[in-house]
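Colleague: I need the structure of the sequence given here:
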Amino acid sequence: MSATATVIASKIPATIVTGFLGAGKTTLLRHVLENARGRRIAVIVNEFGAVGIDGALLQSCGIEGCDEGSIIELANGCICCTVADDFLPTMEALLRRPQPPEHILIETSGLALPKPLIKAFDWPAVRSRVTVDGVIAVVDSAAVAEGRFADDPEAVARQRAADPSLDHDNPLSEVYEDQLMAADLVVLNKLDLVDDETAAGLADTIGGLVPRPVKVLRAREGRVDPAVLLGLSAAAEDDLAARPSHHDAEGGEHEHDDFESFAVVLGEVTSPEALVKRLRDVAEAHAILRIKGFVAVADKPMRLVLQGVGARFRHHFDRPWETGEPRVSTLVVIGQTGLDRARIENALRG
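Modeller: Here you go, the predicted model:
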């Protein structure tokens, strides 16, 4: 073994799981935890909104070792912009534990750029003990196939004709492409929503976008063998030049003024189906990117988990409401800046 390989092998591996809103990052993490086979894994979950949903989902998953001690939630801001304030202190606290984790999984916000996070592993207290084993980008096949991250050429042409000085950058496309260009492995997820021909075309397009060879795996519900995901030995912190970003010219700085998030608190609902219909209508009317949360259903002892990407929704019961836990419905709404919050809240409350 070379000296470099020996140094890497002595460090704790960390895997960064990135991907746009609703791609299936948390589902993939849960699959990894379910198949950890006793391996001591710590998970850092980052959310764009002030209300944490993904961390709560993992903490309540019922998997052995998947508890408050191993799941750390960083809410209210993208991790790529809060590295010094949130991420580095969290990493240092993990490394100070009497039994540090054997592997660290980091789920970024769906709006985060991976590159600033990779750069954070150069922090001396972290670099000496942790290496970025790999960056995994999870892709919502259906969302990409629907053109969610692509410009409408005719609309852009009309905007340019009306005002050539307008900034025509597509913030959705930039975030999506930055996540792919930082990846060591791409998981083309939700293949049950597209046909084989579409999936093949998406894989080819992604392969052409990433500026270096990257393996594209196809998956449903994030089911990928953890042995494939963990152990890439990429040492990504030493390979930044091969991971270009739309924001390199700005020193990697990433403004989130293009996106906003807020939480809507409701009472108990009588019909999940009626709520989903209302949510679908609201999402379409206001071009909402993501709605997710927990719902209290009247006369039901179980908590309902609701997940929406655009106007595509799914829901399931995950666990009983705990004794003393407020039976309220909390939904997080994420979209591009300019959402009409008052109208959205009124519509969701029916």
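
Colleague: CA only for contacts and neighbour counts going forward, please
Modeller: Noted.

Colleague: what bridges to Val132?
Modeller: Ala14 (DSSP bridges).

Colleague: residue contacts, it?
Modeller: 13-16, 118, 121, 233-237 (C-alpha atoms under 8 Å, 6 or more residues apart in numbering).

Colleague: Kindly recompute the last result at 6 Å.
Modeller: When contacts are counted by C-alpha atoms under 6 Å, 6 or more residues apart in numbering, Val132 touches 13-15, 235-236.

Colleague: ditto for Ser70
Modeller: Contacts of Ser70 by C-alpha under 6 Å, 6+ apart are 42-43.

Colleague: for the contacts of Val132, which one is nearest Arg218?
Modeller: Nearest to Arg218 among the contacts of Val132, counting by C-alpha to C-alpha, is Thr15 at 18.8 Å.

Colleague: What number of residues are in the vicinity of that closest one?
Modeller: A count of nearby residues for Thr15, using other C-alpha atoms under 10 Å, gives 24.

Colleague: was I right about it contacting Glu102?
Modeller: No. With contact taken as C-alpha atoms under 6 Å, Thr15 and Glu102 are classed as non-touching, separated by 11.5 Å.

Colleague: for the stretch 251-350 of the chain, what spans make up the helices?
Modeller: 272-286, 341-348 (DSSP state H, counting those that start in this stretch).

Colleague: got the ones you listed as CSV, with distance to Phe20 and mean pLDDT columns?
Modeller: Below are the helices of the stretch 251-350 of the chain laid out as CSV (distance: least, C-alpha to C-alpha, whole Å; pLDDT from 0 to 100):
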stretch, distance to Phe20, mean pLDDT
helix 272-286, 17, 95
helix 341-348, 22, 93
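
Colleague: Could you dump the ones you listed into TSV and include mean neighbour count?
Modeller: Shown next, in TSV, are the helices of the stretch 251-350 of the chain (neighbours: other C-alpha atoms under 10 Å):
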stretch	mean neighbour count
helix 272-286	16
helix 341-348	14
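
Colleague: Just tell me which of those helices ends up closest to Pro171.
Modeller: helix 272-286 (17.1 Å).

Colleague: Can you check what angle separates that closest one from helix 341-348?
Modeller: Here the directions of helix 272-286 and helix 341-348 differ by 150 degrees (axes from the mean of the first three to the mean of the last three C-alpha atoms, to 10 degrees).

Colleague: Name the residues linked to Met46 by a beta bridge.
Modeller: Met isn't right for residue 46; it's Asn. Leu74.

Colleague: List the residue ranges of the stretch 101-250 of the chain that fall below the pLDDT cut-off.
Modeller: In the predicted model of the stretch 101-250 of the chain, residues 151-169, 249-250 satisfy pLDDT under 70.

Colleague: And the helices in it, which stretches?
Modeller: Under DSSP H, counting those that start in this stretch, the stretch 101-250 of the chain gives helices at 114-119, 124-127, 141-145, 153-162, 171-181, 196-209, 226-229.

Colleague: right, and those - which one's nearest Glu92?
Modeller: helix 124-127 (7.0 Å).

Colleague: List the buried residues in the closest one.
Modeller: Judged by neighbour count (16 or more other C-alpha atoms under 10 Å), helix 124-127 contains these buried residues: 126-127.

Colleague: which residues are in contact with that helix?
Modeller: Contacts for helix 124-127 (C-alpha under 6 Å, 6+ apart): Phe121.

Colleague: For stretch 241-248, give me every contacting residue.
Modeller: 178, 181-182.

Colleague: From those, pick the one nearest Glu260.
Modeller: Asp178 (19.3 Å).

Colleague: measure the closest one to Ser245 for me?
Modeller: Taking C-alpha to C-alpha, to the nearest Å as the measure, Asp178 falls 5 Å from Ser245.

Colleague: What's the separation between Thr90 and Ile118?
Modeller: 15 Å.

Colleague: Just give me the neighbour total for Asp239.
Modeller: Neighbour tally, Asp239, other C-alpha under 10 Å: 12.

Colleague: One more: Ile118?
Modeller: 22.
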